[in-house]
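Enquirer: Make a model of this:
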Amino acid sequence: MTSFDMLSPETIAAGDATDAYFDRTVEALEHAGNNPHVVAEVTASQFPSGDWNLFAGIEDAAHLLAGRAVDVDALREGRLFDGGPVMRIEGPYLEFCRLETALLGFLSHPTGMATAGLETRVAGPDSLVLSFGSRHIHPALAPMLERAALVAGLDGISNVAGAETLGREAGGTMPHALIISFGRGNQEQAWRAFDEGVDPDVPRIALCDTYSDEVEESLRAIAAIDDLDSVRIDTTSSRRGDFRHILRELRWKLDARGHEDVGIFVSGGIDPESIRELRDLVDGFGVGSHMTDADPLDFALDIVEREGEPAAKRGKLDGRKQVYRTPDGGHHIGLADRDGPEDGEPLLKPLIRDGEIVREFDIDEASERALEDAETVGFGG
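Expert: Numbering: from 1, shown residues only. As a prediction, this is how the structure comes out:
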């Protein structure tokens, strides 16, 4: 079988997915017989700034660190945070030195995607929002993307293998390629082939913008398929014109012909702004590039304590810390051995003790946590 340019799980777990200077660090420390007991923290920014992010990727990070002689505390998956540490690792430094590169990757990329996903979720709280983005990323990352989407509260995912990895079911109906396969002017044949050939449990959603006007094709699809659930409009942005006007016209003409029960679903370049603009007309949205184009959050791992003494490089806050959520939605950072704010909930909670994972990872619980946190802190408001 052809080999793909990607690393195996075994390579990552062994610490070989590392930057070369960590290999040099191990060589130097071992030569000197120096393996200090340290506390290290993962942070993106030192102080709160009002820039909230949704924490994701923690399950993969936990499995990377499991079996090492370390204790780890971390935020829970689906927790919103604004500055300060999201993870604290304590143990002999050589236990996790070579894991830093992979650890930060496990956290940075999904956190960026999950945050973008939550932006779309809160933009359309009453809308159906689905993840359509797996075509924009390396296929090995599909489960990561789809998990981030579900943690963010999206209603469904599209990647088949990604969904299977997560114990979920992928959703989707038809691409333009199906319509084109039957030739110009034969859209009805394509819609009927889908209706007659696809499992009855799959929603009957017809793609209605391949060759002609969106309204015309939608009315033809309704005539071709009994009990059509929705029409999907995926018109390329260069041909949309006033997209809201097109959808208003479509909704009007569907309703005028007694098809109030037929929904409208849109996809293609959908972002929070377009969801807010169209949510009164549209029942569902397919979100892709807004999530997959999200910048990974710039996490860094820094030693903050060495052999029980504060230690951090310039520009970083030394000493082990705790972060707190207060009932008013505040995010507070303080030294772990000091009292936190009144009524503040400590957010760094046990993840690994003596190398053993002591936490379960439930996507639905993480999603509930994300949506509750979003309301508490006013995310996206």
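Enquirer: Off-centre distance for the one helix or strand residue 112 maps to?
Expert: Applying DSSP states H and E as the criterion places residue 112 in helix 100-123. Centroid separation between helix 100-123 and its chain, computed with C-alpha atoms, centre = their mean, to the nearest Å, is 5 Å.
Enquirer: Over to stretch 78-96?
Expert: In terms of C-alpha atoms, centre = their mean, the centre of stretch 78-96 is found 20 Å from the chain centre.
Enquirer: contacting residues around stretch 268-281?
Expert: The contact list for stretch 268-281, computed with C-beta atoms under 8 Å, 6 or more residues apart in numbering, reads 119-120, 122-124, 126-127, 129, 234-237, 243-244, 247-248, 251, 264, 266, 285-290, 380. The way it works is simple: take the backbone N, C-alpha and C, and place the C-beta from them, glycine included.
Enquirer: Can you pull the poorly scored residue ranges out of the chain?
Expert: 1, 238 (pLDDT under 70).
Enquirer: Map the structural domains onto the sequence of it.
Expert: In terms of domains, the chain is parsed into 9-24+35-113+295-377, 126-147+154-292 (source: automatic domain parsing).
Enquirer: so which of these gets nearest residue 2?
Expert: domain 126-147+154-292 (13.4 Å; C-beta to C-beta).
Enquirer: tally of neighbours for the residue lying closest to residue 151 once chain neighbours are set aside?
Expert: Nearest non-adjacent residue to residue 151, counting by C-beta to C-beta, 6 or more residues apart in numbering: residue 366, 4.7 Å away. When neighbours are counted by other C-beta atoms under 10 Å, residue 366 registers 25.
Enquirer: try residue 228
Expert: Residue 228, neighbours per other C-beta under 10 Å, totals 22.
Enquirer: ok, now residue 254?
Expert: Other residues lying near residue 254 total 20 when counted by other C-beta under 10 Å.
Enquirer: In a markdown table: the domains of the chain, plus distance to residue 3.
Expert: Below are the domains of the chain laid out as a markdown table (distance: least, C-beta to C-beta, whole Å):
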| stretch | distance to residue 3 |
| --- | --- |
| domain 9-24+35-113+295-377 | 13 |
| domain 126-147+154-292 | 13 |
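Enquirer: separation between the residue nearest to residue 284 when sequence neighbours are not counted and residue 282?
Expert: Spatial nearest neighbour of residue 284, excluding adjacent residues (C-beta to C-beta, 6+ apart): residue 128 at 3.4 Å. Per C-beta to C-beta, to the nearest Å, residue 128 is found 9 Å from residue 282.
Enquirer: What of residue 157?
Expert: Residue 157 is 19 Å from residue 282, by C-beta to C-beta.
Enquirer: quick revisit: mind listing which of the contacts of stretch 268-281 are in strands?
Expert: If you go by DSSP state E, those have 129, 264, 266, 285, 286, 287 in strands.
Enquirer: between those, which has the most around it?
Expert: Neighbour counts for those peak at residue 287, which has 29 neighbours (criterion: other C-beta under 10 Å).
Enquirer: so that one touches residue 132, yeah?
Expert: Yes - between residue 287 and residue 132 there is a contact at 6.2 Å, judged by C-beta atoms under 8 Å.
Enquirer: intersection of neighbour lists for these two?
Expert: residue 267.
Enquirer: So what's the residue count around residue 29?
Expert: Counted with other C-beta under 10 Å, the neighbours of residue 29 add up to 15.
Enquirer: Tell me who's in contact with it.
Expert: Counting by C-beta under 8 Å, 6+ apart, residue 29 makes contact with 35, 93, 94, 97.
Enquirer: Can you lay out those residues as CSV showing secondary structure, distance to residue 66 and neighbour count?
Expert: Below are those laid out as CSV (DSSP: H, G, I helix; E, B strand; the rest coil; distance: C-beta to C-beta, whole Å; neighbours: other C-beta atoms under 10 Å):
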residue, secondary structure, distance to residue 66, neighbour count
35, coil, 20, 15
93, helix, 18, 19
94, helix, 17, 17
97, helix, 16, 19
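Enquirer: Looking at the residues you listed, which is nearest residue 217?
Expert: Of all the contacts of residue 29, residue 217 sits closest to residue 97, with 59.0 Å by C-beta to C-beta.
Enquirer: so what's the closest one up against?
Expert: Residues in contact with residue 97 (C-beta under 8 Å, 6+ apart) are 22, 25, 26, 29.
Enquirer: now swap in residue 13 and tell me
Expert: With C-beta under 8 Å, 6+ apart, residue 13 has these contacts: 63, 64.
Enquirer: mind redoing it with 7 Å?
Expert: residue 64 (C-beta atoms under 7 Å, 6 or more residues apart in numbering).
Enquirer: measure residue 155 to residue 194 for me?
Expert: Residue 155 is 21 Å from residue 194, by C-beta to C-beta.
Enquirer: Show me which of the two is the more surrounded one.
Expert: A count of neighbours by other C-beta under 10 Å puts residue 194 above the other of residue 155 and residue 194, at 20 against 15.
Enquirer: any idea how far the residue nearest to residue 50 when sequence neighbours are not counted lies from residue 360?
Expert: Spatial nearest neighbour of residue 50, excluding adjacent residues (C-beta to C-beta, 6+ apart): residue 82 at 6.6 Å. Here the distance between residue 82 and residue 360 works out to 26 Å (C-beta to C-beta).
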